[in-house]
Structures are given as C-alpha cells and as structure tokens.
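> sequence and predicted structure below; questions after.
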Amino acid sequence: MVENRLNIVLNGNIVKGYPGETILELARRHGVEIPTLCHDDRLEPFTACYLCVVEVEGMRGHQPSCSTRLTEGMKIITDNENIRKSRKTALELILSNHYADCIGPCKQTCPAGVDVQGYISLIEKGLYSEAIALIKEVNPLPAICGRVCVRPCEAACRRNLLDEGAPVGIDYLKRFAADQDLASTHPFKPEVKPPTGKKIAVIGAGPGGLSAGYFLAVEGHQADIFEAAPKPGGWLRYGIPEYRLPNDILDREVKNITDLGVQIFYNKRLGEDLSYAELKNRYDAMILTIGSQKGTGVGCEGDDAGNVFSGIDFLKNMEITGQKHDFRGKTVAVVGGGNTAMDCCRTAIRCRADKVYVIYRRTEKEMPANPIEIHESKLEGVEYLFLTLPKKINKNEEGVVQSVTCLRMELGEPDASGRRRPIPVEGSDFDLKVDYILAAIGQKTEAGFLDDINRHAPEGELQLNKWGNIDADPATLQTGISSIFAAGDGVTGPATIIEAIAQAKIAARSAHQFLTGLPVHSVEKPFTSRKDNFTVQNKEDYQGRFESYLRNEMPTLPPSGRINFREVELGYPGAETAAGETRRCLECGCVSFFNCDLQKYSTQYQASQKSFSGEFISRPVDFRHPYIEIDNNKCILCARCVRICHEVAGADALGLVNRGFDTYIAPSMGDSLSETTCESCGLCISTCPTGALTENVVFKPGPVQTEAADTLCNYCSVGCAMTLHHRRQFVIGVTGKKGLINNDGNLCRYGQFGYKYLNDPQRITQPMLRVNGKFEPISFEKAFDLIEQKIRSCAPDENAFFAGARLSNENLYLVHKLARAAVKTNALGSFHYLGRGEGYRQAADFNVPIDQIAQAGKIYLIGAELNRDNPVVGYAVTNARIRKNTPVTLVTTHEKSPMAHKVDEIHKVSSYYHFIKALNYMILSGGLENPLFLRDRTEGLEAYKKQLLSENFDQLVEKAGMKAETIETLAIACNLEMNAIILFSEKELPGNAVIELTNFALLTGKLGKTASGILSLKEKNNAQGLFDMGVNPLTGIGGQSLADPGYLSKCSEVWQTQELTTEPEVCLPERLERGQFRNLFIFGEDPIGCATDPAKYRRILSQASFIVVQDYFQTPTALAADLVLPDSFPAETGGTFTNTRKVIQGFEAVMTSPLEFNSMQQLASLIRRFGFQQSDQPHAILTEFIALLPVKTPHENFSLRTTEETFFSDRFNHGCDAIVKQFDEEVKW
Amino acid sequence: MLTTVTVGLGSCGIAAGARKTYEKIEALKSAEQLQFELRKTSCIGMCYREPLVEIRDDTGTYLYGEVDADRAVEVIEKHINQHSPVRDYIVYSDLFEAPENGFIQDQVKIVLRNCGYIDPESLEEYEGRNGYAAIRKIASEQISREKVIDTVLRSGLRGRGGGGFSTGMKWKFAFGNQSEEKFVICNADEGDPGAFMDRSVLEGDPHSVLEGMIIAAYAIGATHGVIYCRAEYPLAIKRLNIAIRQAFEKGYLGKNIFGITGFNLDIYIKEGAGAFVCGEETALIASVEGERGMPRKRPPFPAVSGLWKRPTNINNVETFANIPWIILNGAEAFARYGTEKSKGTKVFALAGKVRHSGLVEVPMGMTIRDVIFKLGGGIKNDKKFKAVQMGGPSGGCIPAFLSDTIVDYDSVNATGAIMGSGGMVVMDETTCMVDMARFFLDFTRKESCGKCTFCRMGTKRMLEILERITRGEGVSGDIEKLEELAYQIKDNSLCGLGQTAPNPVLTTIRYFRDEYEAHIHHKKCPARVCRPLLTYQVNQEKCTGCMVCLKNCPVQAITGERKQPHLIHQELCTRCGVCFSKCKFDAITIS
C-alpha cells in the first residue's frame, strides 16, 4: 500500500522504502552497490563483517546496512571517503588473519601468470586441449615453453619443500598436454573476434613477436610480422639447438598462430629491407619485438683471435647455413655460466669435440643456467672449470687461438646481484690449450633503425635507455611514440622466453587499447592473499598432511646416443605418468579463486594484507567429511554456514568455538562433520563467501573458470533449478539456481553432490548386444532393426513397456506412443509404481504450493522424513519453524526418525493407514466434519461414513499403535487449525493410506484455501509425469480413460491411426510375474538393482525372451538385458519435468551429447519404423502431447473413497533409479 | 534491649576470615552462655577493615574492624563481659570520634540502605526495614501502572548498569508493547574488573532487588522474571535463591500476588557462564535463550522484541534496588539528591591504590576528589594521585588534574571516561598508563565475542601495538595507528563492548601522551613498570655486599665478592626484579 511507504533520502535521491526493509535491501533495489561478506538473502540479518557500513544522518558511528531497518525520513549515505576507509580497514583486519593463498606460488611466480594449478587439474582429468586453452590465454607457445622454459614456477613449487628439491614436473606436464593437443585431430584453436579493420606491424618473429601476433589476432586485428631471418622463431630457432627444441615443434606452434590469420614476412630487417616510413602508412600501430641479438666477446686481451666466436653467432650460423661444425680432435672452451653457455657446450659435444670446457668465474651454485642443463651437460661429458677467469687469449702466428691463460678466483662478499663476488687469486695463472673459444657472456640489443623511425615519426621519439634497450613504459610498454609499443629482450635486455611472452601480452593489450581508441592503461592487479605474507613456508608445514611422491622424471636419450641433434627429452610416455605427476601438486591455490567475495572486495578497495600484520592462526584443514572440506584459515567468521545450517537446514551441525580473536567455526563437539547431525546438504558451501567451505573432492578442480549450464535436478520431485559448472562437459561442481520452486537457490545433497555420475567414464555411449553371454557394441541401425524384428515377431500384447520416473515428459510420451500407437499394446507401466495402487494420483490434485509452507499455522509431517527424501521442502518447514515459531508435528513409524530434532512433537505409530483412518473415525464419529465443504465439493460421503463407522475403532487404534486420546487430540487440533499443512511422502505411505489422508483433508475441508491442505512428496523428479504422460496400464494421457471416445478421437487425429486398443491392461504385474511377455522394454529403470527382492525380479525378467534396457550405465537390469541402449542425460536433450505439485518446468539441451543418437532420437526412430511420423525435438514433442492432454473442468468434485487394508510386499527402493541408488549408497543416509 | 553482635559475612568478609570470627563468637556464646543475639549481615562497604563485627547495645553502636578470631575473643570478653568497649579496634561509632566515622557519615544510603544492617537470608529482617512496603503500597492504594512508571520517570533514575538511559522511559516502552507474555530481566552479570557493587547488593539485600523487579513487572505487565547472574557469584546466587524461595512461600511471587488480581509473576535465576559480553542486553537475552552470547543489532530493542521475541525490560541490580525506595519515598525525595540530569545516589567500588577500598554510596554531584580523598581516605602509602579509571574496561582514565569533575553521567562522559557501573580504580605514580591501557584492552579483547570484525581483530591488533610499546619496541607512528584503529573500532562495532573497548587507550593517549612517547621514543617507562624498559643497578654506596641478590638472581647476572659492592651485568639481566625485591638495603636502583 502506497501510504505504508517510507520516504528515504538515499545518497541525495528521494526514494521510497518499505517498512521493515533494511538499508541494504533498499540500496540493492535501487541499484546501489554495498559490499557485504556476512549477509545472505536467505538468512536473517546478522552483522559481523562490518563491510556494509553506511552513514545515517543523526546516528553515531557507522551503521551496518544489512541490519539497520528503514525509518521515515532516514537520510543515508552509502559511499564517501570515511565509509571507504572503514570498509578497507575491515578488509585489512580480516586479511591480517587470512593465512591462505589465493593462487599458488607457481602462478604467482610465472612472469606471464600462467594458471599452472588450473591446467594441472585439467590434465589430471585428461582434458588436454582444455589445459592448452587455459595456457594459451597468456602463453601461445606451450609446446615450446614445455621444452625450454626456465621454469621459475618449479623453483617456487612447494612440492620442493616436501620432496627435497623435486618440484612438480610442471613443464613436463605442459609439454605433455601441448604434444597431445598438437597431435590431436582438433587441436585447440582460440575463438577469434570479428575483424576490427585495424592493422598492426610486429617487428620480429621471436617468442615475443609471435605471441603479440597471436594476442592481437584473437582480438580481431590484422597482425603482420616482419622477420629479418628467413624463418620464424628468432632465438627459439637460431639460439636454441634442435636437441632441446626440434624445429618441427616450433613450426607447428607457429602454424597454429599463422592459421589465425597472422602473416609473417621473412628477410625483412627494419631499417634495411623495410622502412618505418612505409610501415607507418600501411599500419595503425607497431610492436617492436626485436630481441637482444648481438653477442659480446670474451672481453680479455686477445679475444679478436681466430676461432673465437660469440656463442650466439656460433649457434645461429649453424642454423642458418644448416652446416654443423666438425670439432673432431679439437678442444672447445665455452666461457660463461648461463643457458647460452649450456647450449654452446652441449652443441660442441654434438659437433664431436674431443674435449669441451666450461669456464665460469663463480661456482656451480651461482650459475644462472637451468640445473637440469648442467646435469645433462655433465652426463654428455662437458668439463667444468669453476672459479676460473680467462685473462688472455694466446694466438699462434696466424692469429688463431692456441691457448687461453686463466686465473683462479675465490668468492668474496655478495655484490649487487646478491651473489658473492669473485676475486682473482694472485699468481694462480695457468694456461689451457684450446682450439675454439665460444663466448657466452651476454648479448646486447641492436636498434639500428632508431634514426629511421624517429625521422618519420609523426610525434614523440623512440629512445634507448642507459642500458641500450628500448625505452618503454614498464606498465603499458608504450614507447615515446604513442603508436609504437615494444616488448621482450629488446626492452628488458637478454631475459627469458616466458618474460618475452608476458611482455608481448602487455604490449598487445596496450596496442589493442590504442587501436580501439581506449586510453592505454595497465590492468588492475587483483588482490592475492599469500601465506608468504605471514611466514616462510617450511617442510613441517606440509609434512604429515601430504605424502612424499617420487617425481616422474622425463625419459631422455641415453648419453651415448646423443652425438646428434635429436631431442634429448622424450616426453612423458602416457596419460598415466602425466596423471601421476599431477597428483604431486599440493593444490596451493584456492578453489574459490573465481568466486571469492573477500578477494573481490579486497581488490576493489585496494586492501593490503600487511597493514595489520600480527599474530595469525594456522589451523589444519578438516577434510574428514566426504563432501565438505573446512579450511578455517580462510574463514572470516561471517557465521553464514552456522546460520544456514540452523535457519534453513535445521541441522545445527556447525557452531562457533571460543571467543574473540580465537573464535573459529567447527562441527559440534569438535567431531568430524560426518559424525554430527550434518545432512550433507552443502548449504554451508553455497553460502561461504570465501574458500573456507568447499566441496571435498580428491583432486581440486582448479581453480579453473567454468561454463555454466542451467538445468533441473533429476533426483526428487521437488523440482529444483540448478547450474552445472563444467569445463568442456566435465562437470566440476553444481550451484543452486533461483528457480520456480527453490526460489532462493537452495539445493540439497542430491543436487549439490549427486552430479558425479555425469563424469563417470563407465557410461555407455553405444548400443550393446549380448552375444554368447558377452556384450558387444553394435550400431544404432542394427539395434533398431533387431528391436523392430522382435516386436513384429510376436503378438502386440506380448510386448511390455516400462519407463522410469526420471525420464522427461517428452521421453515418457515417446515410450507411450511407441507402446500404444506403434506396437498397440496397453502393457505400459513403470516399476516405480508397480503394484502400489492408484491412491497417489488424486492426492497430487490437492497439493499446497511449497512456498505457502511459510504461512502455515501448524505443520504436520505424516510419514515425511523430509531431510532424508525431500530436503528442500524440509528447508521450508525448518524456516517456518525457526523464524515464525510455526509448530511442527511429526507422525512416524520409524524408531529413530532423522527429523526428530527438527520438530516440536513426535508421535510414533505402527501403521500410517490405521492411524489416518482412526483420525477420520474421530472426525466423523464426533460430528467434527466440515459439512458445507462436504456438501458443496465432495461426493461419496454417506457411503464412506457408513463404511468407516462400521469398523471397530479399538482395533484401528490398536493397529495404529497410538493412544486413542492422542489420536483425538491430534484430530481436533488439526481440524481446528485454519492453516494446517500436512506433508507426506509416497515413499512412506502406501496408496491406501494416501486415499484415507485425502479423505481426512476432505472431511476437515482443508482444501481450496491458502496455506492449508496436503502436500504429497514423490520420490523421483518426474513421477508425476508418469501419470500425466499415461505411462500406466489403465489410463491414457492425463489419466483419461482409454475407452473415452473423445480421447480416442484425439489420439487418432494426432497419431493418425484408428487401430487403438481400448482395453486397459488390468493385470500388468501378474502377467509380468507369470512370464507372459516375450519382449520387455525398460527405459531408465533398474528393477533388479532397486527391488527389495532382487532375486525375484531377476527371475521374473529372465522369463522374457528379449529384454531391451536403456540406461546410462550397465545397471544390474542392463546386465540382464539382451540389448542395451545408451541413455542421454537430461541436460543433453532438454525437455520438461513435472514436479510433485504438477508444475511443468522446462530445461534446455545445454550439454553436448556424446551419443550418435540421443535418447529422444532413438525413441523417435523406433516409432518411425512402425510407420508413424515423429519429431525428435523436445519442443515439437511437447506440442504434440499437449494436444492430447484432457481439458480440465474447473469445479470437479472430489470423491471420498473407501479403502481396504492391503499389504504390498514388492517395492522398489531409490525410486527404481540406479543413479539414485548409487548416490544413496554412497551417502549411507 | 538485647545486645546484638553482628558479623559481616559478605564475600569480602569471608575472604578476610569472617567465618572463623563468627564461629569463634558462636562458640564463645554457647560455651559461656553469653546473653547477646548473634547476627549475620553482609558487606557494609568498609571492605578494607574486614572482618567487621558490630556490637550494638543500650549505649550505642560500635563497629570493630579487622576482628580475627583472636581479636574476637578479646572484644567479646571486654565489651560483652566487662562492658568495656575496646577503643583501639573500634573503627566507627555513633558515640565518639572513630577513625572511619567520616567514611560512613559522608555517604547517602539508598541502594545500600539495608546492606550491613540486615541478615540477607531473613525475609523478616528485610520486611522489618520497610521491605515489600513499596509494592504493598502500590497494591493497597491501587496505584496504576502508568502512575508507577510516571513516578520512576519523574525520579530521574537512570540505568545504573552503565548506559545511563532513563529507567522510566525504558519501562514506558516495554509497557507500550502489547503481548500476552512479557519479561523483566535483572542484569546481574557484573563483569568489570574491580567492580563489586551488584554483588554486595545481591549478597546483602537480595529482597530489595526482587521487590524492584516485582514493581517493574507490575508496571510493564511482565509475567516472568529472570535474574541473569554470573556463576562466579555463588554466595549471591545462594542468597537470591533463598530470597526467591521465601518470596514464593509468602506468596510474593506466584499468582495474583499482593492481592492484585491477574498479577502473576515468577522469577528464576539464569547463571551466566562468565562471558563479559553477556552484560550487553541482546547478548544476555541470547544467553538466556541458550544460544551463544552474541549481541545483535538494535533496534529492535528488547522492549519490542526481547527474550523469546517478547517485550522485555532489562535493568541492572542497582537500578532495581533503588525502585522500592523511590516508590515509598516519592520521586521528589529521590530527585532531591544529585544534579540536574543525574539524580539520586551512585554506588562506587573503590579499588586500586586507594586507602579505603570498598563500597561507597554517594549523592550524584560529589567531586571525584571527595570520593577518593574524603571517603577513600586518599592514596595508599602517601603516593601521588595520578588518575582514576572509571567505568571499567569500557571507561577511561580521568587524570588527577580533573579530579574536581563531579560524578554525574554527563560530566564524567565529558572527560572521555564513563560512569559505567561504578568501578573506580585509583592509580598512583607507580602506575604506568600504557601498561594500564594494555591491561584493560587485553581484558576486552579476550572478552570480545568475536562477531564483529573490528572488535575481534581491531582490539587484537591494538593490543599487539601496546604490547610492543611496553616491550620497548614501539615505533614512531604507533600512537597515530592506535588512535586510528580506536576510532574505527568505536564507529564500527555492534555493541557497547566494541564501541567502548578503545576508551582506556584513547583517554590515556589524551591525558598521558608523554608516557606513550617516553616508551616509544626514549624507551623509558616513567612509572618504572614495563620491565623490558628498566635498568637495574647496584647503588655502590648502599650495597653491603651481602650476596643475597647475587644468590637469588635466576640468570647469574650479578657478580661480586662478599662485603664488596656487587655489579649487575646488563647484558645478562632479564629485568625480573628479584634483586630489587630481595635487597634489604635499598641498594638496587631502577632507572
């Protein structure tokens, strides 16, 4: 009502607020963002984090907006300097005790920021191309880097602490994935944005230039690379010898780049073959990736002697000429200790030198070269002269080197680089006889084109810095000329490949900004929490928590076989080795990296982790619960988990322990969560704003970014919406989605954790035929032929069709049509309801909407173990009980009901049927019924009353197992309650009890009002669909009579056939038992696996001569089949499910099907084989069956029906679904 | 009249050995068949003189101090048997000038009107001093609920628990909210270090609290009463239980009490588990409900949604104890005491370096100087008065130069301290203000419930800075960082604990900044308290070479020959202070 609105001034704007609304809610309604960590819409306001503070005029201090309710005329400021300062301080205080890593040291250390843990996780799962896609977001050369990267990540890897210097083989894994990808039929190709029409010239086709070209091409720019050499790769080709990096690999990775449209023009040296004046006119911008090309000499007397080369010239010349040196009988000395020195000495060996020395002035410890290179070179026979300095090169008469005079050194104090300075030892000179000297001391940048550019530059000036490298802004890599960017060694001086790639990414991004008219700026660096900010990590921090594993070293050529240029490292032999190595990863990075609110706000408010350094608390990670991992180090004490476990789940399994700074979250009594009242619903994970509560999986999925696929839960009949998060069909996790039914996005354990079957490699993907007792794959066509032949070879009513309650309406309808229209049998049913009577159907017509539970005055659970079977409905009940004090009464046959601690009173009964009948007796015998309702809305009262009152009440009471007084009290209380909602579960109540419960609702006139009546809960997601789609031997679609002429005419019209059997199949269970069906067709059900008496059903089914089962896996029923068809997951086909309240919800095909024909296509094909038209598209099928649904009359009368005591012995547990069974057994509820 | 001998058996008396005194007198009485009535009472405030024995005979009243069992024999022998009072032990008398006459005479006893006079376990004695007369008056004169509330409102009584909110207003709100069930809660979770006002009232006059609660329940329409008492007060709980039982037996609790139809009230005790924060009313309610004691955001105030979401009125012990007196004597009589905005009296617990530590009840408006020097007898050992901490860990330090500040809510607030519940911790020149601030902050940070970020983490970080400073590791900028954090914590905390936790730090920085600077910049503790900043040296002239310090030094940092002056080796000294305390010749100097 308008007059109830409040006038509020929000940041100077007059807005309307609602009484009872909080400032946070008001702000969000008006699009004003206020950060909060402790608030969750699903929970009562709490106020702990103090991030959401605002200023309210007239109120002292800051007000937490999450719990401050509006008052008339309130003036609110949500953002100013003071508020921001408070929020930042709050974050910094939290961060000062957040002893956790956002990302692992590997990614942190990598110059390009490659998501190492992410791709390792993908490799573990066998998703190689996905791993490469992840790497290529920042590094387009994984196969190259996988071979020759200097691997700062491995140096930083924490596995070093545990396994004494044996890090995870990160580079080996990268190479493995890259090689797999290159060898695959569809190597990863990035998505290229539409052409921008902009052109950019890249100078140099080294790692920097190639990478820049790649990144620019992905953005849709035309990148042309100009290369001075005749071939691409720069240093990769001309510096690194082939035994480390085969040219073939280089060429293939270059081709992947040129395939994106990047062009490379060879033999074009800027300033010589190419003028800037010309480029300037043809291109919108330019990136200089010229490298550091010029080698430096030995730098001592006589270094102009013959046979003294710079190392890089030596390597380059061999590559350009294709001529290998012949050092046979010669002695070669390599001066220097870096990777170039290694390449030179190992190449010299391969050129068959008699002796190769490496002369280095410090010790091995100080050598900048990769240790593995040093190791390999020694294996190959290189000799090291450490602490040795060439002082003079001695020539012979021809001026050719003859020997070198060296000095011994010793190490002094550390110099600026932190390494100890070598000092010559006086009088230690000695001569070393050599034939060649290769100087691998350093390189310099050559920028001869500088004048050419500056002469023609429209503005600005390209300059060199004091080290002779190109001067560029370190953050953007823009040079003095705004359209020219520079990256790589040319900017940094000689550095590593990965640094050049990292720079190329920055320069490409800046160039992209420049080309698209954006201001050129660096990207905001996201906040990262680091354990290193608290303390140095030691072996003890990891010992005990992780086991030691030997590193899977890469196989290499035997040293004796290396006198050639074949690649020394051979690559991991197979997926198993790679997967084994991935498992050495300690998973330092946080799995919640991509959805952590603390990280997001810390970035937004530029918070620092070190502002309030002090004592911090380190607690062990608790992963005792099979699904939920608790990492208190990441906990910010928002208590959302504790509260959701109390307010929504009602489980009260988590609590706060201790006070103040020492407070932490723990399962009650400090036990493992699995030993508490925890129901494994995962709501705690869903509400955690950081990574403190995460899914406990054996190998953390990443952190990797995933794709979201919205779908419906296909466990129980509540009908919750959810989102699958997958990386190329591999589902990594599930989150709740705000759906029609679960409108606050809550899920239970089924939805949250029951997704793993989606990734199961055991899934059947093609038809399997039993041949001589063994299953063999056959084609779909052959399978269909066989089915058609089997059906045609017997009478129609010798075929029986069964469809499971998990199938979509579309699939159910197709089964229906196949049976009734194509095969012309009414032997159509579901094991789910086999032999359970018809009591459930009418009850479903009454169902109270689930969201009205909140408005109930009293809630009765009569055989409804909600937290076991339908937890999301249980949340609604708990919510009403906790927030509104709605009393909840439970009537159960269970000695120990799992609901016991969530209700206000419990009544134990022996028989629901007799208990409910006794209730009805009480009502009728006491004249307590609702006469008006009964008169106007029902029929059959008199007959019912007469029959019931003729029964022996004492016997009813005795069989009910409850005192008569209690029954009376309950009957009266429930009758008098205006808003009583009665919930029951089909799993607990037999069909006749349900009819009596329906009678009770009618007698007490509880129907037709808001928040009053009964709510039936079914076991399976589409159990209601079984009724609606006429998967029933007695009725047609929507429960219509098979003999109803109107219905028949609709069927004839839609199906275009006149031959329909109107006789219901009244003896389906009996005929099945007697073996009167020759062919059995079972879709999505596992009667053998789920029967209370599996042996009996194995025997019954074995009587048939041909059994077809369609399922995802080789279930016990499928194993008993003759032909198994693969089934599709719902998210692969799309369709609709009808929940227990008859709400039809659609879901789309959001996942790719691995099947040649999905389940709908299979059914449609079969129908077509019998001469019917049939679409296999869900929307068309939906339209088709809607035409057959009955037209409902609005005021249909309800019937009171008399019932008889029945005993059914045969039941199928788990909704007769193998998937449910598998998960139920895993959870062991 | 029959001579009465009354022994003070409050916690303070018991701690000083009063039980033995009582037993001795009891034994003497029966052994010698002496003719006097032996009575028990509770604390009369003069805790520093306990055990106290009062003898009242035809001639007058004599209060004996420090009466241990031996002295009791002497006093009984001389006073009772020989009718010759022992002047040396008498601390107060209405007949002549005794050492502590001033302590009693300057006080105005409203809250403590019965404390020390009656046997707290005797309902009759309470009723003998006008007990339950106030509620009877309401019943007999059929004074309406509104009128009762109006009387309390006009009396100007403000909440004595620390908040200082008008009691009458609070009642009015609770009265105004309709509900079938309402609650009245007595907050007896007195948690400030050095404060024991409420304990004394509960131990000494429990019925006055019950009567106050009954009147409040009548006024607001409450049906249930809860006394939330800390479990560390076993004697108070015992006596409350006795009082509640007596009240039920007499029909003062139960149905249709005091003949007022439909006035039903029960009262029970909920023992608190010792969390300071549970003195905060919303945390207290959570604790009564069986939840973790954590505050929640107000509004809604308890008057709207309190215990079990019903309208609830919460007052503290002292507030309730005032109520019967106000009803009996009228709002005007109460308002006669005090200042314009702070009416009546206030009970203070004097502690620290004051001579007379104990309980005093003074009219609002007395200067702090008078409280400390007139009633408190000045500073122990004639040291220099430096400051007084008022309001416990939520309060602040009022320096000596502000000792003319009068005790009323607003004047005390103006100094940066708060009236609080009435704790006064007196400090002299040997108190280091930085260390004092550290002490109080250590208390609040341990007692923080951990809910709000600023209180949980901020107090911890402030404490770490203070610890650093007292260790001599302070750096320039620390004071500013402390202030910055302090204001942030005050602005961004949900309950009073966090909002006031930085007060001790802020007031000491405000008044004693030089001490902070001395610690930080000169690495000196002017009060010679912070051990890491001290240097222990041997005064060569005073040292007799007795070797005692040398032998006692736990780290062998002292060397020397017998009868030769010793030497402390600074590089070895751990500043434990043992040498200083062992030296009999004052030859160890601290600088």
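On my side now, so go ahead. Keep in mind the model is a prediction, meaning the values are calculated, not measured. Numbering: from 1, shown residues only, chains lettered A, B, ... in the order given.

> now residue A:372: how far from residue A:568?
Using C-beta to C-beta, to the nearest Å, we find residue A:372 at a distance of 10 Å from residue A:568. Backbone N, C-alpha and C define where each C-beta goes, glycine included.

> oh, that last question was meant for residue B:175, not what I typed.
For residue B:175, the distance to residue A:568 equals 91 Å [C-beta to C-beta].

> one more: residue B:44?
Residue B:44 is 96 Å from residue A:568, where distance means C-beta to C-beta.

> neighbour-wise, which of the two wins?
A side-by-side neighbour count of residue B:44 and residue A:568, using other C-beta atoms under 10 Å in any protein chain shown, places residue B:44 first with 28 against 22.

> right, and the more buried one touches residue B:52 too?
Yes: with contact defined as C-beta atoms under 8 Å, residue B:44 reaches residue B:52; the gap is 6.5 Å.

> mutual contacts of the two, please.
In terms of C-beta atoms under 8 Å, 6 or more residues apart in numbering or on different chains, residue B:44 and residue B:52 are both contacted by the residues B:8, B:63.

> show me what from chain B comes close to chain A.
By the rule C-beta under 8 Å from any C-beta of the partner chain, the part of chain B lying against chain A is B:275, B:277, B:292, B:294, B:296-297, B:299, B:309, B:445-461, B:464, B:485, B:488, B:490-494, B:499.

> can we see that at 7 Å?
B:292, B:297, B:299, B:445-454, B:456-458, B:460-461, B:464, B:488, B:490-492, B:494 (C-beta under 7 Å from any C-beta of the partner chain).

> neighbours around residue A:80, how many?
Using other C-beta under 10 Å, residue A:80 is surrounded by 11 other residues.

> excluding residues flanking it in the chain, which one is nearest it?
Among residues not flanking residue A:80 along the chain, residue A:55 sits closest, at 7.0 Å (C-beta to C-beta, 6 or more residues apart in numbering or on different chains).

> A helix includes the one you found, no?
No: when classified by DSSP: H, G, I helix; E, B strand; the rest coil, residue A:55 is found to be strand rather than part of a helix.

> and residue A:360, what is it in contact with?
A:336-337, A:367, A:384, A:386, A:388 (C-beta atoms under 7 Å, 6 or more residues apart in numbering or on different chains).

> which residue sits closest to the one residue in the stretch 1101-1229 of chain A that gets nearest to chain B, ignoring its sequence neighbours?
At 28.3 Å from chain B, residue A:1229 is the closest residue in the stretch 1101-1229 of chain A, using C-beta to the nearest C-beta. Using C-beta to C-beta, 6+ apart and skipping residues adjacent in sequence, the residue nearest residue A:1229 is residue A:868, 5.5 Å away.

> any idea how far the nearest residue to residue A:152 once chain neighbours are set aside lies from chain B?
What sits nearest to residue A:152 in space, not counting adjacent residues and going by C-beta to C-beta, 6+ apart, is residue A:109, at 4.7 Å. Computed with C-beta to the nearest C-beta, to the nearest Å, the distance linking residue A:109 and chain B is 30 Å.

> could you give the number of residues near residue A:109?
When neighbours are counted by other C-beta under 10 Å, residue A:109 comes out with 17.

> re the thing from before, am I right that the residue nearest to residue A:80 is in contact with residue A:62?
Yes: using C-beta atoms under 7 Å, residue A:55 makes contact with residue A:62 at a distance of 6.3 Å.

> shared neighbours, these two?
Between them, residue A:55 and residue A:62 share the neighbouring residues residue A:83, with contact defined by C-beta under 7 Å, 6+ apart.

> those two: which has the busier surroundings?
Between residue A:55 and residue A:62, counted using other C-beta under 10 Å, the more crowded position is residue A:62 (24 against 20).

> need the pLDDT of that one.
What the model reports for residue A:62 is a pLDDT of 94.

> what's the answer for residue A:1210, then?
Reading off the confidence values, residue A:1210 has pLDDT 60.

> ignoring the adjacent residues along the chain, who's closest to the residue nearest the centre of chain A?
In chain A, the residue lying closest to the centroid (C-alpha atoms, centre = their mean) is residue A:732, at 3.1 Å. Leaving out its chain neighbours, the residue that sits closest to residue A:732 by C-beta to C-beta, 6+ apart is residue A:701, at 3.9 Å.

> so what's the residue count around that neighbour?
Number of residues near residue A:701 (other C-beta under 10 Å) recorded here: 23.

> could you do residue A:1092 as well?
Residues contacting residue A:1092 under the criterion other C-beta under 10 Å number 11.

> one more: residue B:15?
Under the neighbour criterion other C-beta under 10 Å, residue B:15 is assigned a count of 12.

> beyond the helix or strand harbouring it, next helix or strand please.
Counting by DSSP states H and E, the element that carries residue B:15 is helix B:11-16. Past helix B:11-16, heading to the C-terminal end, the next element that is a helix or strand (DSSP H and E) is helix B:18-32.

> what's that next one packed up against?
Identification of packing neighbours for helix B:18-32 by 3 or more C-beta pairs under 7 Å, 6 or more residues apart in numbering or on different chains; DSSP states H and E yields strand B:4-8, strand B:37-41, helix B:69-75.

> buried residues in that helix?
By 16 or more other C-beta atoms under 10 Å in any protein chain shown, the buried positions in helix B:18-32 come out as B:18, B:21-22, B:24-25, B:28-29.

> buried ones among the residues of chain B next to chain A?
Among those, those buried by neighbour count (16+ other C-beta under 10 Å) are B:292, B:297, B:445-454, B:456-458, B:460-461, B:464, B:488, B:490-492, B:494.

> lowest-pLDDT helix or strand in chain A?
When each helix and strand of chain A is scored by mean pLDDT, DSSP states H and E, helix A:839-846 comes last, with a mean of 81.

> list the helices and strands the helix or strand just after that helix packs on?
Proceeding C-terminally, helix A:839-846 gives way to strand A:858-862 as the next helix or strand, assigned by DSSP H and E. In terms of contact count using 3+ C-beta pairs under 7 Å, 6+ apart, strand A:858-862 is assigned the packing partners strand A:888-892, strand A:980-985.

> out of those, which gets nearest to chain B?
Using C-beta to the nearest C-beta as the measure, strand A:888-892 is the one of these that comes nearest chain B, at 17.5 Å.

> so what strands line up beside that closest one?
strand A:858-862 (parallel), strand A:905-908 (parallel) (DSSP bridges).

> residue 202: what's it in contact with?
No chain was given, so I picked chain A. With C-beta under 7 Å, 6+ apart as the criterion, the residues that contact residue A:202 are A:209, A:212-213, A:223-225, A:287, A:289.

> chain B, not that one
Going by C-beta under 7 Å, 6+ apart, residue B:202 touches B:188, B:209, B:233, B:236, B:239-240, B:317.

> residue contacts, the closest residue to chain A within the stretch 51-200 of chain B?
When you check the stretch 51-200 of chain B against chain A by C-beta to the nearest C-beta, the closest residue turns out to be residue B:181, at 12.3 Å. Residues in contact with residue B:181 (C-beta under 7 Å, 6+ apart) are B:223-224, B:310.

> quick check: it is in a helix.
No: the assignment for residue B:181 by three-state DSSP gives coil, which leaves it out of any helix.

> separation between it and residue A:272?
To residue A:272, residue B:181 is 96 Å away according to C-beta to C-beta.

> what of residue B:584?
If you go by C-beta to C-beta, the gap between residue B:584 and residue A:272 works out to 97 Å.

> circling back to that earlier point, sec struct for the residue nearest to the centre of chain A, please.
Reduced to three states with three-state DSSP, the structure at residue A:732 is strand.

> so what's it up against?
Applying C-beta under 7 Å, 6+ apart as the definition, the contact partners of residue A:732 turn out to be A:701-702, A:706, A:725-726.

> please repeat the previous calculation with a cut-off of 6 Å.
If a contact means C-beta atoms under 6 Å, 6 or more residues apart in numbering or on different chains, then residue A:732 has A:701, A:706, A:725 as its contacts.
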